[in-house]
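Asker: No sequence on hand, only this structure:
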Ligand code: ATP
Ligand code: MG
């Protein structure tokens, strides 16, 4: 969406950050429902280069995660994938990504950062969370297994000047962890992600038994 806002018209860009190891229909459905609910002109998926919170396990090479995102989003003209976090190198910080996007787009483009109920609770621990609050409004979508109680919402509100919209989306109890675990055990993940992603995983022999951290029970 390079040209977004260049015609002078106000626009809204959704940003979906994540490790996407691998991308699944939970990610896709919440991006789509956020797009629809907040009238977003597009949603850009930004796979993390080097996720700081996932250093306790081996993450699939960035190029593969990027490719799987591209394959999964290909059929939706309102979806795009950006390699900015991967190309930047070093540890991935959301604030750097938002600054880069802010600098890229004209002021009439509003940034909306989409996160699941689990991730938004951790935002207060993110580097430069106050700067994040200045750069983008947040869309916190519901996720099965994670309750954003009044207490938690109050905790978030106390910790920064965040503008957050809470959005209920179709409950899909799907996680990349669960997909990796199934694959490591040779179980099917069909219908939990796009068929093209499945084909890519198979072709490249990703997440095979032995190549996964789940074998050792470390998570
Ligand atoms: P992992 O199990 O490896 O942490 P994940 O499924 O949580 O993988 P991430 O790449 O960590 O996927 O998540 C990216 C973003 O998508 C986060 O904001 C997360 O909260 C959100 N998300 C992931 N799965 C869902 C889901 N099923 N419903 C709603 N939000 C989700
Ligand atoms: Mg996660």
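Answerer: Perfect, I can see it now. Predicted model, so just to flag it, every value in this text is computed and none were measured. Ligands and ions are numbered 1, 2, ... in the order given.
Asker: What count of nearby residues applies to residue 34?
Answerer: Residues near residue 34, counting by other Cβ atoms under 10 Å, number 22. All C-beta spots, glycine's among them, are computed from the backbone N, C-alpha and C.
Asker: tell me which parts of this protein are close to ligand 1?
Answerer: 18-21, 26-27, 30, 115-116, 118-119, 141, 143, 172, 174-177 (Cβ under 6 Å from any ligand atom).
Asker: now with 8 Å?
Answerer: For the chain, the contact set with ligand 1 under Cβ under 8 Å from any ligand atom comprises 16-21, 23-27, 29-30, 48, 51, 54, 114-120, 141-144, 146, 169, 171-180.
Asker: taking these one by one, which sit in strands?
Answerer: 16, 17, 18, 114, 115, 116, 141 (DSSP state E).
Asker: These into JSON lines, with extra columns for pLDDT, distance to residue 186 and neighbour count?
Answerer: Below are these laid out as JSON lines (pLDDT from 0 to 100; distance: Cβ to Cβ, whole Å; neighbours: other Cβ atoms under 10 Å):
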{"residue": "16", "pLDDT": "98", "distance to residue 186": "30", "neighbour count": "29"}
{"residue": "17", "pLDDT": "95", "distance to residue 186": "31", "neighbour count": "21"}
{"residue": "18", "pLDDT": "95", "distance to residue 186": "25", "neighbour count": "20"}
{"residue": "114", "pLDDT": "97", "distance to residue 186": "33", "neighbour count": "29"}
{"residue": "115", "pLDDT": "96", "distance to residue 186": "32", "neighbour count": "23"}
{"residue": "116", "pLDDT": "96", "distance to residue 186": "28", "neighbour count": "22"}
{"residue": "141", "pLDDT": "97", "distance to residue 186": "31", "neighbour count": "25"}
